[in-house]
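> Next comes the sequence, and after it the predicted model I'd like to discuss.
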Amino acid sequence: MSTPVALSLACGLAVAGLLVAEWRAWPVARALCKAAASTAFVALALALHALDSTLGRWMLLALGLSWLGDVCLLANASAFFLAGLGSFLLAHLAFGAAFASGPLDQRALLIGLALMGGVGALTLRWLWPRLHGPYRAAVAAYVLAITAMCALAVARSAAIGAWPVALGALAFAASDLAVARERFVSASVSNKLWGLPLYYAAQLVLVWSMMR
């Protein structure tokens, strides 16, 4: 078994453990499994030679920022959540830079911006009454970053004729809805049971599709 395949499987096993830990409310196991799963996708990018190209280095930066965001979100305090939000915002921008480092289909970019802008507006409308203080500015900036990242992913996919890049980006964005619902709308383990697998699947798809 190759190292990249082994790391992908390790990530999947860690996510399975994470879901059990979330379901059973085991905080230590939760922290260990989440750290292991996130470390696995960073290690996967390295195993696929991310350091050897500009695109790969942008990807590695994005994944590292995602790893940091995952660690911050292990804590419930507002300061840690805002730090995690900021880290993931920068991760989305780094992913966008990775997508923009190659060919882009301009028409697809405009369509992606229009469609994702609409989704972002609906998301803000849903969350806005529940946001207070610094969260309004932070979440608005976050939605803008996601919109740009997803539009760039769609434009790259259209340019190269390979859609896993767009699929991974859109799945990443969708997983953020679970985090938003958990934090601002209704805390429930169900948010994590679908949001976490989607998030980690998105990261693996992005690494494999971009680093081949």
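Received the coordinates, thanks. Numbering: from 1, shown residues only.
> middle-most residue in this protein, spatially?
The chain has F172 as the residue nearest its centroid, 4.2 Å off, counting by Cα atoms, centre = their mean.
> Contact partners for that one?
H92, F95, M149, Y199, A202, Q203, L206 (Cβ atoms under 8 Å, 6 or more residues apart in numbering). The C-beta positions use only the backbone N, C-alpha and C, and glycine is treated the same way.
> Please report the distance of it from L63.
11 Å (Cβ to Cβ, to the nearest Å).
> Could you do L13 as well?
With Cβ to Cβ as the criterion, L13 and L63 are 19 Å apart.
> Please compute how far the lengthiest helix in the chain lies from its chain's middle.
In the chain, assigned by DSSP state H, the helix with the most residues is helix 134-160. Centroid displacement of helix 134-160 relative to its chain, using Cα atoms, centre = their mean, to the nearest Å, is 11 Å.
> same deal with stretch 205-212?
For stretch 205-212, the separation from the chain centroid amounts to 14 Å (computed by Cα atoms, centre = their mean).
> any chance of the contacts of F172 in JSON lines, with secondary structure, neighbour count and distance to G84 too?
As requested, these are exported to JSON lines (DSSP: H, G, I helix; E, B strand; the rest coil; neighbours: other Cβ atoms under 10 Å; distance: Cβ to Cβ, whole Å):
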{"residue": "H92", "secondary structure": "helix", "neighbour count": "26", "distance to G84": "13"}
{"residue": "F95", "secondary structure": "helix", "neighbour count": "31", "distance to G84": "16"}
{"residue": "M149", "secondary structure": "helix", "neighbour count": "28", "distance to G84": "17"}
{"residue": "Y199", "secondary structure": "helix", "neighbour count": "24", "distance to G84": "13"}
{"residue": "A202", "secondary structure": "helix", "neighbour count": "22", "distance to G84": "17"}
{"residue": "Q203", "secondary structure": "helix", "neighbour count": "29", "distance to G84": "15"}
{"residue": "L206", "secondary structure": "helix", "neighbour count": "27", "distance to G84": "19"}
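> Contacts made by the one helix or strand L44 maps to with the rest, please.
Using DSSP states H and E, L44 falls within helix 27-47. With contacts defined as Cβ under 8 Å, 6+ apart, helix 27-47 is touched by 3-4, 7-8, 10-11, 14-15, 17-18, 20-22, 56, 59-60, 63-64, 66-67, 70-71, 74, 200, 203-204, 207-208, 211.
> same deal with stretch 96-115?
By Cβ under 8 Å, 6+ apart, stretch 96-115 touches 54-55, 58-59, 62, 145, 147-160, 165, 169, 210.
> Check what pLDDT A138 gets.
Looking at A138, its pLDDT stands at 95.
> Quick one: residues contacting it.
L82, L85, G86, L89.
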